[in-house]
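**Q** Let me see the structure of the following:
(one chain, ligands or ions: 1)
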Amino acid sequence: MTDLTHIRVEWDGDLAVVTIDRQEKLNALNAEVISELGEVFDGLRDDDKVRGVLLTGAGQKAFVAGADIGELAKMDSITGVRVSRDGQDVFRFIERFPKPVLAAVGGYALGGGCELALACHLRIASDNARFGLPEVSLGIIPGYGGTIRLARLIGLGRALEMTLTGEMVSATRAAEIGLVSEVVPGPELQGRGKALLRKVTKNGPLAVRMALESIYRALDTSTAEALDFESSLFGLLASTQDMREGMAAFLERRTADFRGR
Ligand code: COA
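**A** As a prediction, the model looks like this:
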């Protein structure tokens, strides 16, 4: 990875903690942050010592307060498409990441920040979190996948209400509607996020990877094709050492030692 200006990567065992740190602008996503995010996830994907990623924002006030409005204000119809595609590509890369990615959301997750959390596999929030897609109040629409992913996650009716009103929802409401799985006190956000990630990473890494593959592939294909794909992955896993180890460990009443092979 080249020198990063707005992103920090730290380690806790086999978890990478990726922090967006542009606090003076509430961690708003300018082109540089988007590009660095892509670079960081690209580097982590093939790093065998990484089993999961916790993505968060620096400071108490915001996860990410959106795309950078100062930059957006300068776009025309040609650069607008580019801006949207660049963000979509990075967020899609995160969504299709082969290891679990959890968004630990403290404070504002607005616009592109909410969309970024939606692209992650798991989401938890601190009690001061506020989620929203305020784009229509700026005369645009969510352009980083929010018009697709929000409805898939919380249902059409609630997604329409959030997108069309542009209003924020509290952390408690976000949990009620399935936007996050847990609300925790601010100081516990990272610890609880890591604990949830570890519930995933203690499992067979190839199985976790294939579960992600199958679930996300199913969103883009017919039921018949998705079922075929699921069976193929199921069969593939039956050829792994991890499957043998997982089942032997169960039968021998011990903890499995998965190697990702
Ligand atoms: N893009 C660019 N700058 C942003 C930003 C964004 N999305 N969100 C916040 N900032 C900047 C502010 O301009 C301000 O910068 P300045 O100190 O140089 O003027 C700084 O971050 C702090 O924000 P401020 O508005 O003063 O904080 P606040 O506590 O009064 O309000 C928010 C917080 C989140 C309610 C408010 O910043 C906001 O509405 N931001 C935009 C949210 C949005 O519409 N996001 C979707 C973009 S598509």
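**Q** where are the low-confidence patches of the protein?
**A** Low-confidence segments of the chain, defined by pLDDT under 70, are located at 1.
**Q** The ligand contacts on that one?
**A** 25-26, 28, 65-70, 108, 110-112, 134-135, 138 (CB under 6 Å from any ligand atom). No exception for glycine: its C-beta is placed from N, CA and C like everyone else's.
**Q** so who does the one residue in the stretch 101-250 of the chain that gets nearest to the ligand touch?
**A** Using CB to the nearest ligand atom, G111 is the residue of the stretch 101-250 of the chain that sits closest to the ligand, at 2.6 Å. Counting by CB atoms under 8 Å, 6 or more residues apart in numbering, G111 makes contact with A65, G66, A67, G132, L133, P134, E135, P142, G146.
**Q** As TSV, those with distance to A103 would be great.
**A** Supplementary listing: those in TSV, determined by distance: CB to CB, whole Å:
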residue	distance to A103
A65	14
G66	15
A67	16
G132	15
L133	15
P134	18
E135	19
P142	16
G146	14
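**Q** Next step: those residues restricted to helices.
**A** Among these, the members falling in helices are G146 (criterion: DSSP state H).
**Q** nearest to G52, of the residues of the chain next to the ligand?
**A** Nearest to G52 out of the residues of the chain next to the ligand is G112 (CB to CB; 22.9 Å).
**Q** for the residue positioned nearest the centre of the chain, what are its contacts?
**A** Within the chain, the residue whose C-alpha comes closest to the C-alpha centroid is C120; the distance, by CA atoms, centre = their mean, is 1.4 Å. With contact set as CB under 8 Å, 6+ apart, C120 has these partners: L55, I94, E95, V101, L102, A103.
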